[in-house]
Every structure is written in C-alpha cells, then in structure tokens.
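Asker: build the 3D model from these lines:
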Amino acid sequence: MKEERNFLQNARRIVSAVYLLCSLSIGGVTAGCSEKNASEMPDNDNNVSVNDLGAMSPEKALEYMKKTENLVIVDVATRSWYAKEHFEGAINIPIENISPDEAEKLYLDIPAGRPVILHCRLGMVVPGAYRTLKKLRPDIPEISYIDGAPLFGEYNEWKQEQDRDNSVVAGEKFLGGLTPSEALEYMKSTPNLYIIDVREPEWYEGYTQFVGNVHIPRSKLPARYKEIPADRPVILNCGAGVQSPRAYEFLKEANADVLQLSYIDGVPLFSAYNGWVGQQQRK
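Answerer: Below you'll find the predicted structure:
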C-alpha cells in the first residue's frame with residue numbers, strides 16, 4: 001500500500017511538471033507568433049501619405065476652395081445634376097451612372113500631387129467616394145469632401161472675379177459684360193478708368209450718372225469713337241444694360257484703339273460708386 005501511494009504521488013508530480021512545461025512552451029510560441037505577426041503587419045498609416053481633412057461644412061469648404069491652389073474639384077453626382085449646375089472647373093465622376101470599374105479608372109486619372117475635394121448635391125453619396133479615393137490614391141497630398149449642399153453660386157461668382165482679375169493683369173483687351181456688382185469693384189480698382197455713358201440724350205440728361213463720365217450716345221459712336229483715348233481702360237454704361245452691350249459690340253467689331261473695354265450688364269450702381277468717389281476725395 002505504501003509503495004502504491006508513493007507511485008501515485010510521483011505520477012502526479014510528473015504530470016504537473018509536464019503540464020507546466022507545455023504551458024510555458026505554448027505561451028512562448030504564442031508570444032513569438034504574436035511578435036512576429038506584429039512585426040510583419042504592414043503599417044498602413046505609414047504607407048498612406050494622404051492628409052485626410054475629412055468632411056467640411058459647405059461654408060468651410062467654400063473658404064478652403066478659395067485659398068487652395070491647384071485644387072481638383074470632383075463632382076460625383078449624376079450627369080444630369082452636373083449638367084444643371086456645377087462648380088467651374090470641376091470634373092464629373094458620376095458614380096451612380098457608371099460601373100465601379102469605370103469609376104475606379106476615372107479616380108486613377110485624377111492628376112497626381114494636387115489636393116482634391118469631392119462633393120455631390122446633399123452630402124449623401126460623396127462619403128463612399130471619399131473612402132474609395134483615399135484607398136486608391138495615397139499619392140494625393142490632401143483630400144476632403146463637402147458634407148452638405150455645395151455653395152455653387154458663391155464659388156462660381158468668386159471664380160469669375162478671379163479669372164477677370166487675372167485677365168486684366170494679363171492685358172486682355174475685351175472683357176465683355178460685368179454684373180453691376182463686379183463692375184463696381186472693377187471701377188474702384190482700375191486706375192485712370194474712362195467711363196462712357198451711351199444713353200441717348202433724353203435718357204441721360206436729368207437722370208443719375210456716374211461722376212466723371214463722358215457722354216457719347218450710342219447712335220453717335222460711329223462718328224465719335226476715335227475720341228476715346230487709346231491709353232486708358234474703358235467701361236460703358238447705360239441705364240438698364242440695354243444699350244451698353246450694343247455699344248460694346250460696335251467698338252469691338254471696329255477694333256477700337258483702347259487699352260481695355262468692358263460694359264455694365266444691368267442697372268449700374270450709380271449711388272454706390274459716386275459715394276465711394278466722394279469718400280476718396282475727402283481723404
């Protein structure tokens with residue numbers, strides 16, 4: 001009996017020792033595998049160079065779009081929505097009209113090395129496009145999307161003003177029609193401007209006029225347009241934007257010798273300009 005008890009006690013010690021050794025071995029292997037897997041696991045964050053700006057409100061996006069150079073604007077709305085209204089210069093990737101493969105090809109065609117902002121119409125479709133583009137194009141330095149209804153009108157008006165300013169700097173001769181608000185800013189910022197009121201006498205005398213304007217009725221332009229100085233920018237106006245575009249077309253076709261030519265396409269802001277001139281004179 002005593003020998004049997006000694007045998008059982010020794011057997012239990014052996015089993016405990018074996019169990020402990022196995023536990024240590026398995027733990028070491030598991031730890032080793034874990035370390036190995038961790039070391040071999042690719043660090044996706046290090047592989048992606050995208051500066052992820054994420055969602056922007058329409059207002060924040062507008063300011064971002066104005067100040068960001070070489071920005072690529074990607075409209076992911078349907079072709080019909082894009083045709084109705086879109087940001088100037090935007091490219092259309094209509095993800096609801098095309099297959100995923102076609103969309104991927106268009107994503108890959110986006111110019112490299114330039115910041116990108118995506119949008120749709122209400123901010124519902126664009127998050128998926130945003131996630132897809134981040135995966136496909138780690139070479140894009142900065143990426144964001146508009147979370148809401150884009151401010152098309154505000155951006156496009158600003159863009160047109162910028163383009164017009166650039167054309168003035170570039171020396172473009174014929175600027176075409178300016179909205180009354182655009183014309184006001186142009187008149188304020190353009191030195192030595194020559195303002196011609198082309199209304200006929202019955203619509204000129206006794207009516208509000210720009211300070212410092214020269215009166216040449218449209219009907220008299222063929223005989224008098226050579227009076228216009230060649231070394232000054234010229235802007236034409238009438239009372240409601242009816243006669244001034246006609247006068248502009250005549251001078252353009254005649255290739256009038258002027259530094260720069262434009263006209264006010266609408267009702268001029270006489271009081272606003274005249275008030276500004278008065279303020280400048282009092283300074």
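Asker: helix, strand or coil for D101?
Answerer: Here D101 is helix, with the state taken from DSSP: H, G, I helix; E, B strand; the rest coil.
Asker: actually G176, not the one I typed
Answerer: strand.
Asker: please name the nearest non-neighbouring residue to it.
Answerer: For G176, ignoring the flanking residues on the chain, the nearest one in space by Cβ to Cβ, 6 or more residues apart in numbering is S262 at 6.5 Å. Every residue, glycine included, has its C-beta placed from N, CA and C.
Asker: give me the phi and psi for that neighbour.
Answerer: Summarising the backbone geometry of S262 under the convention degrees, to the nearest 10, its torsions are phi -150, psi 170.
Asker: does it touch T179 like I think?
Answerer: No: using Cβ atoms under 8 Å, S262 is not in contact with T179; the gap is 11.1 Å.
Asker: which residue of these two possesses the greater neighbour count?
Answerer: Neighbours per residue (other Cβ atoms under 10 Å) separate S262 from T179, with S262 holding more: 27 against 16.
Asker: quickly list what the more buried one is bridged to.
Answerer: Beta-bridge partners of S262, counted by DSSP bridges, are G176, I235.
Asker: how about the contacts made by it?
Answerer: Contacts were defined as Cβ atoms under 8 Å, 6 or more residues apart in numbering; by that measure S262 touches 174-178, 183, 186, 233-236, 248.
Asker: please spell out the ChimeraX selection for the buried subset of those.
Answerer: Selecting only the buried entries of the contacts of S262 in ChimeraX, with 16 or more other Cβ atoms under 10 Å as the criterion:
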select :175,177,178,183,186,233,234,235,236,248
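Asker: quick one: which of the contacts of S262 is nearest W203?
Answerer: When these are compared for distance to W203 (Cβ to Cβ), L236 wins out at 14.3 Å.
Asker: that closest one reaches E249, doesn't it?
Answerer: No: contact criterion Cβ under 8 Å: L236 and E249 do not qualify, at 10.3 Å.
Asker: helices along this structure, start to end?
Answerer: Listed in chain order, the helices of the chain (DSSP state H) span residues 2-40, 44-47, 58-67, 79-84, 100-108, 126-136, 152-169, 180-189, 201-204, 221-224, 243-253, 270-282.
Asker: buried sites along the third one?
Answerer: Same thing as helix 58-67. 58, 61-62, 64-65.
Asker: just give the nearest non-adjacent residue to L175, would you?
Answerer: With Cβ to Cβ, 6+ apart as the measure, S262 is the residue that lies nearest to L175, at 3.9 Å, once sequence neighbours are left out.
Asker: local confidence estimate at that neighbour?
Answerer: Looking at S262, its pLDDT is 96.
Asker: then G113?
Answerer: Here, the pLDDT recorded for G113 equals 90.
Asker: from L136, how far off is it?
Answerer: Going from G113 to L136 by Cβ to Cβ, to the nearest Å gives 15 Å.
Asker: the two - which one has more neighbours?
Answerer: Neighbours were tallied for G113 and for L136 using other Cβ under 10 Å; the higher tally belongs to L136 (14 against 8).
Asker: residues contacting the nearest residue to the more buried one once chain neighbours are set aside?
Answerer: Closest residue in space to L136, ignoring its immediate chain neighbours: Y107 at 5.1 Å, by Cβ to Cβ, 6+ apart. Contacts here follow Cβ under 8 Å, 6+ apart; on that basis Y107 touches 93, 132-133, 136-137.
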